[in-house]
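K.L.:
Build the 3D model from these lines:
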Amino acid sequence: MIIYLNNLLLRINFVSKPILFADDTSVIISEMRRFLFSVKSSSICHIIKWFAANNLVLNLDKTNIMKFITKNSAHSAFLIEYKEKYIVETVNTKFHGLQIDNHINWKNHIE
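P.N.:
Okay, the predicted model is just below:
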């Protein structure tokens, strides 16, 4: 998959790591520096456009964002807008049958 980001041609595998499983798609974007993370995360809108161009439907109501942070890190809200819809940030989610949270704590999964 190829995306264009700020007039640069980038392969999606350079910016993120897509994980495909049956009808689920997860995209992992990893970056320690806040500025570069913001640049890389803007690629999500390009991924959504790629889905539409290839006749694939992305349900934005079921789409969410989760930032993995340490317990001592200050939380800063993260929001992505696409066509007047917002992708919601969550603190826990189900990923391939596992309940995980943004601190990579197993408490929700065990319960």
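K.L.:
Going by C-alpha atoms from here, please, whenever you check contacts or count neighbours.
P.N.:
OK.
K.L.:
hey, where'd the helices end up in the protein?
P.N.:
Secondary structure of the chain by DSSP state H: the helices cover 12-15, 34-41, 43-53, 107-110.
K.L.:
Show me which residues of the third one are buried.
P.N.:
To tie it back to what came earlier, the one meant is helix 43-53. Of all the residues in helix 43-53, those buried under the rule 16 or more other Cα atoms under 10 Å are 43-49.
K.L.:
What is it packed up against?
P.N.:
If contacts are counted by 3 or more Cα pairs under 8 Å, 6 or more residues apart in numbering; DSSP states H and E, helix 43-53 sits against strand 2-5.
K.L.:
Just the mean pLDDT for the strand it packs on, thanks.
P.N.:
Across strand 2-5, pLDDT averages out at 47.
K.L.:
farthest-separated two in the buried residues of helix 43-53?
P.N.:
Spanning the widest gap among the buried residues of helix 43-53 are Ser43 and Lys49, at 9.8 Å by Cα to Cα.
K.L.:
wait, isn't Val57 in contact with Lys49?
P.N.:
No - if you go by Cα atoms under 8 Å, Val57 and Lys49 don't touch, sitting 10.1 Å apart.
K.L.:
Redo the helices of the chain as JSON lines? Include distance to Lys83 and mean pLDDT.
P.N.:
Putting the helices of the chain into JSON lines (distance: least, Cα to Cα, whole Å; pLDDT from 0 to 100) gives the following:
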{"stretch": "helix 12-15", "distance to Lys83": "21", "mean pLDDT": "69"}
{"stretch": "helix 34-41", "distance to Lys83": "16", "mean pLDDT": "73"}
{"stretch": "helix 43-53", "distance to Lys83": "10", "mean pLDDT": "80"}
{"stretch": "helix 107-110", "distance to Lys83": "33", "mean pLDDT": "75"}
